[in-house]
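Colleague: build me a model from this:
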Amino acid sequence: MPNAILAELKEKISKQHEGDEKQLEVIFSDSPRLIVEAPAGYGKTTTMISRIAYLFASGGIPNPKRILGLTFSVNAALKVKREVAEKLPVLLGEKNSPVAIGEKVTVTNYHGFCKGILKKYGYLISDVLRKDINLFKAISDSEISRRQGLNTTLSASETQRLEGIENSIKASSAPDAQTIHEYNDIVIRKLLPLEYITHNAVILFVLEIFARFPEVRKFYQSYYPLLVVDEFQDTNCIAWSLLESIISDHTQLVFLGDPLQRIYGFIGALPDIMSTAATKYGMVQVALARNYRFRNNPEMLKLDTNIRANAATCFDPEITDSDTAKLPAFWGSTQKEEACKVVAKVQSLLQDDTGKIAILFRGRGKNAEIVEEELSNNSIPYFYGMFTDEDLEYVEFHNRCQEMFIKKFDKSKNINKKALIAFAESVKTAYSQSNVKTIDSLLYLLDALVEKVSVDYSDLLSEDKYTLLLDIFENRQLKQAMEYVDSRVILSTVHGAKGLEWDYVILSDVEQWVFTFLCRDCPSLRNTSSSTVCKLPKTLPEQMKNLILDDLCVFYVGLTRARKQAYLSASGERFNARGQQFTNGKICCLASVDGVKLVKAD
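Modeller: Predicted coordinates:
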């Protein structure tokens, strides 16, 4: 591109980004490898798209090479892909149509990328993989022992072997080449002939292909000279191995993530992965600095800034009184009193505002049930989203949807609104005898998803719709359809809410022993102060630091699901997992970190 036109593009991008220095540093950087700390609301996606546009325009992407963008779900990939298709042509000029851009940018999730490789090269490790990989039913390793027909096909030692690898991955321990081969061999011999495949095998098959056939790996290294990874903080050990295998000495990198939103450590998200990557690949680190979501909301902006400052300094930030954020809170001496105050606020918001409200909990239990009961007593309709990825009903529902979906659409993949509605009705028929609350919610989510795909995604190719829906069922992601439900009140766990937003959020049961699990080892437990708020000790025991930071991540993610205002609630009474009652509790220490001041909510 001529210098004059390139200068014009830079001016257009600078204007679009309102002169945001950190965003522009990322976009125009001469460094081929960037790792960007990009919290929610800081303009991550627009920055990424402008970076791609600038590299295209300045010749940073050799023609006819492609850009590979990786996310953690097809739904997220689809959103990024659509924004790329809409915004890149505008930045680059009308001659660059969305179709032309689509031919240069591949956006998918890790499993989608690996499935594309297996479609081409899976036969190298098994003739069975000549079959369309999407027609295999994907399951987790831990499901095999519970699934009829599989639990007798595999020996006890083979089942234990597969489950052991899954547990190692969750513990962030990457399998070596020999272990991967042995794992894959069991899946190939015992599961593929029955048309099953494990989630881990989709990636581990590709790692074996790359290890045994380096020319295939070199092809992908050459084909994608720029690798963009979103939500990088959630990368697990086998996804990291996959990334390492497609990065050559010449690969340009843009990794975007937020260490404070790493809340999946318990299922294998690697600790300190952003620092690890930056060191290994000599990446220039940039932290986006301007929060656009809360730009007109000074208290929420302070709250976001101050919690991040605590994380960055291990709870030792320098924050003045004038910069302290006020966080409205409800306190009850009992769970019932807390629930009444929460529901009263919900009623007030429903009357005064048209927005949606989420009541979020760290986990399920009697504490949440009391809030739910109070909503029902006040005839407030709500959506129940208090399920987890490991719930048997949640897992089996996705498995059944996956099987029924493949059976209905595997031949033609002709996905239109009428066909999707018929599919949803067939699932309802299959569950017509169920009276389980979780199943009712999942059927509701399925209807919401069908409506979204049929109307808002009607312009997608049938193949894209097929891939999106199959990925949701395979990876148990129906909970992400909560953003599509029309209920104005949502009950969910913080983990289930990650990636979603509502106008108002009430983070409930933020108490000792409930929102944090370190109280037994904390010096503050011996604090007999009459205050209802627990304080972090001035000097944290070394063994507590990383663990309490993990809890802070969950706290932060919960609060920042709010677009307009976040609230907190707690009580002096709690119930443990066995339903035992305890009194004289305090508000969790995370709510009183430096820079956060609790105030009585209206």
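Colleague: flag the shaky bits of this structure, pLDDT-wise.
Modeller: Applying pLDDT under 70 to the chain picks out residues 1, 64, 93-102, 411, 523-529.
Colleague: what residue spans form the domains of it?
Modeller: What automatic domain parsing lists as the domains of the chain is 3-112+214-287, 118-211, 322-382+487-600, 392-483.
Colleague: work out the gap between the longest one and the centre of the chain.
Modeller: Taking the mean of its C-alpha atoms, domain 3-112+214-287 sits 17 Å from the chain's own mean (CA atoms, centre = their mean, to the nearest Å).
Colleague: tell me where the stretch 251-400 of the chain has strands.
Modeller: 252-257, 284-287, 325-332, 357-361, 383-385 (DSSP state E, counting those that start in this stretch).
Colleague: ok, which of the ones you listed comes nearest residue 425?
Modeller: When the strands of the stretch 251-400 of the chain are compared by CB to CB, strand 383-385 sits nearest residue 425, at 20.6 Å. For the C-beta atoms, the positions are set from N, CA and C on the backbone; glycine is no exception.
Colleague: that closest one - contacts with which helices or strands?
Modeller: helix 437-455, strand 489-493 (3 or more CB pairs under 8 Å, 6 or more residues apart in numbering; DSSP states H and E).
Colleague: show me what the following helix or strand past the last one is packed up against.
Modeller: Proceeding C-terminally, strand 489-493 gives way to helix 494-497 as the next helix or strand, assigned by DSSP states H and E. Packing partners of helix 494-497 (3+ CB pairs under 8 Å, 6+ apart): strand 357-361, helix 542-559.
Colleague: now do helix 494-497: everything it contacts.
Modeller: Residues outside helix 494-497 that contact it (CB atoms under 8 Å, 6 or more residues apart in numbering) are 263-264, 358, 360-362, 385-388, 479, 482, 507, 554, 557-558, 561.
Colleague: now the element after it, going C-ward?
Modeller: Scanning forward in sequence from helix 494-497 by DSSP H and E, the next helix or strand is strand 502-507.
Colleague: between that next one and strand 489-493, how big is the angle?
Modeller: 50 degrees (axes from the mean of the first three to the mean of the last three CA atoms, to 10 degrees).
Colleague: who touches residue 272 in this structure?
Modeller: By CB under 8 Å, 6+ apart, residue 272 has no neighbours at all.
Colleague: tell me which of the strands of the stretch 251-400 of the chain sits most buried.
Modeller: Compared across these, strand 357-361 shows the largest average neighbour count, a mean of 27 (mean count of other CB atoms under 10 Å).
Colleague: tally of neighbours for residue 56?
Modeller: Residue neighbour count, defined by other CB atoms under 10 Å, stands at 22 for residue 56.
Colleague: how about it, nearest residue that isn't a chain neighbour?
Modeller: residue 92 (6.2 Å; CB to CB, 6 or more residues apart in numbering).
Colleague: coming back round to it: any idea which of the domains of the chain gets closest to residue 297?
Modeller: domain 322-382+487-600 (6.9 Å).
Colleague: any idea how far apart the tips of that closest one sit?
Modeller: One end of domain 322-382+487-600 sits 18 Å from the other (CA to CA, to the nearest Å).
Colleague: going forward, count from 157.
Modeller: I'll keep to 157 as the first residue from here, and by that count the last item is domain 478-538+643-756.
Colleague: reformat the helices and strands packed on helix 650-653 as a markdown table; add distance to residue 411.
Modeller: Putting those into a markdown table (distance: least, CB to CB, whole Å) gives the following:
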| stretch | distance to residue 411 |
| --- | --- |
| strand 513-517 | 28 |
| helix 698-715 | 18 |
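Colleague: go through these and pick out the most buried.
Modeller: strand 513-517 comes out most buried of those by mean count of other CB under 10 Å, with a mean of 27.
Colleague: residues making contact with stretch 203-222?
Modeller: With contact meaning CB under 8 Å, 6+ apart, stretch 203-222 is reached by 157, 161-162, 165-166, 169, 172-173, 179, 182-184, 190, 192, 194, 223, 225, 236, 239-240, 243-244, 247-248, 259-262, 378-382, 384, 386, 408, 410, 412, 444.
Colleague: how does it look with 7 Å?
Modeller: 157, 162, 165, 169, 173, 179, 182-184, 223, 239-240, 243-244, 247-248, 260-262, 379-382, 384, 410, 412, 444 (CB atoms under 7 Å, 6 or more residues apart in numbering).
Colleague: ditto for stretch 314-329
Modeller: With CB under 7 Å, 6+ apart as the test, stretch 314-329 has contacts from 296-298, 300-301, 331, 335, 339, 342, 346, 354, 356, 392-394, 423-424, 426.
Colleague: need the domains of the chain in a markdown table (columns: distance to residue 471).
Modeller: Formatted as a markdown table, these follow (distance: least, CB to CB, whole Å):
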| stretch | distance to residue 471 |
| --- | --- |
| domain 159-268+370-443 | 13 |
| domain 274-367 | 24 |
| domain 478-538+643-756 | 6 |
| domain 548-639 | 31 |
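Colleague: out of the ones you listed, nearest to residue 466?
Modeller: Nearest to residue 466, of the domains of the chain and by CB to CB, is domain 478-538+643-756 at 4.7 Å.
Colleague: please, a ChimeraX command that selects the buried ones among the contacts of stretch 314-329?
Modeller: Here is the ChimeraX command that selects the buried residues among the contacts of stretch 314-329 (16 or more other CB atoms under 10 Å):
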select :296,297,298,300,331,339,342,346,354,356,392,393,394,423,424,426
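Colleague: now, which of the contacts of stretch 314-329 lie within helices?
Modeller: Among these, the members falling in helices are 335, 339, 342, 356, 393, 394 (criterion: DSSP state H).
Colleague: tell me who's in contact with the third one.
Modeller: Okay, so that is residue 342. Residue 342 neighbours (CB under 7 Å, 6+ apart): 314, 317, 318.
Colleague: what are the buried residues along stretch 242-250?
Modeller: Of all the residues in stretch 242-250, those buried under the rule 16+ other CB under 10 Å are 243, 244, 245, 247, 248.
Colleague: so the third one, which of the three states?
Modeller: The three-state assignment at residue 245 reads helix, by DSSP: H, G, I helix; E, B strand; the rest coil.
Colleague: check contacts around residue 600.
Modeller: Residue 600 makes contact with 539, 641 under the criterion CB under 7 Å, 6+ apart.
Colleague: how near is it to residue 525?
Modeller: Remark: distance between residue 600 and residue 525 (CB to CB, to the nearest Å) = 20 Å.
Colleague: before we move on, what about residue 320?
Modeller: 36 Å.
Colleague: and for residue 751?
Modeller: Counting by CB to CB, the gap from residue 751 to residue 525 is 33 Å.
Colleague: of these two, who's got more company?
Modeller: Just comparing residue 751 and residue 525: by other CB under 10 Å the higher neighbour count belongs to residue 751, 20 against 15.
Colleague: ok, the closest residue to that one other than its chain neighbours - contacts?
Modeller: Excluding its sequence neighbours, the residue lying closest to residue 751 (CB to CB, 6+ apart) is residue 462, at 3.0 Å. Residues near residue 462 by CB under 7 Å, 6+ apart: 473, 475, 481, 751, 752.
Colleague: tell me the contacts of the closest residue to residue 742 other than its chain neighbours?
Modeller: Using CB to CB, 6+ apart and skipping residues adjacent in sequence, the residue nearest residue 742 is residue 690, 4.3 Å away. Going by CB under 7 Å, 6+ apart, residue 690 touches 668, 680, 742, 743, 744, 745, 748.
Colleague: would you agree the fifth one is in contact with residue 674?
Modeller: The one in question is residue 744. No. Residue 744 lies out of contact with residue 674 (CB atoms under 7 Å); the separation is 10.3 Å.
Colleague: those two: which is more packed in?
Modeller: residue 744 (25 against 19).
Colleague: tell me the spacing between the closest residue to that one other than its chain neighbours and residue 480.
Modeller: Leaving aside its chain neighbours, residue 744 sits nearest to residue 671 (4.4 Å; criterion: CB to CB, 6+ apart). Note on residue 671: its distance to residue 480, by CB to CB, is 21 Å.
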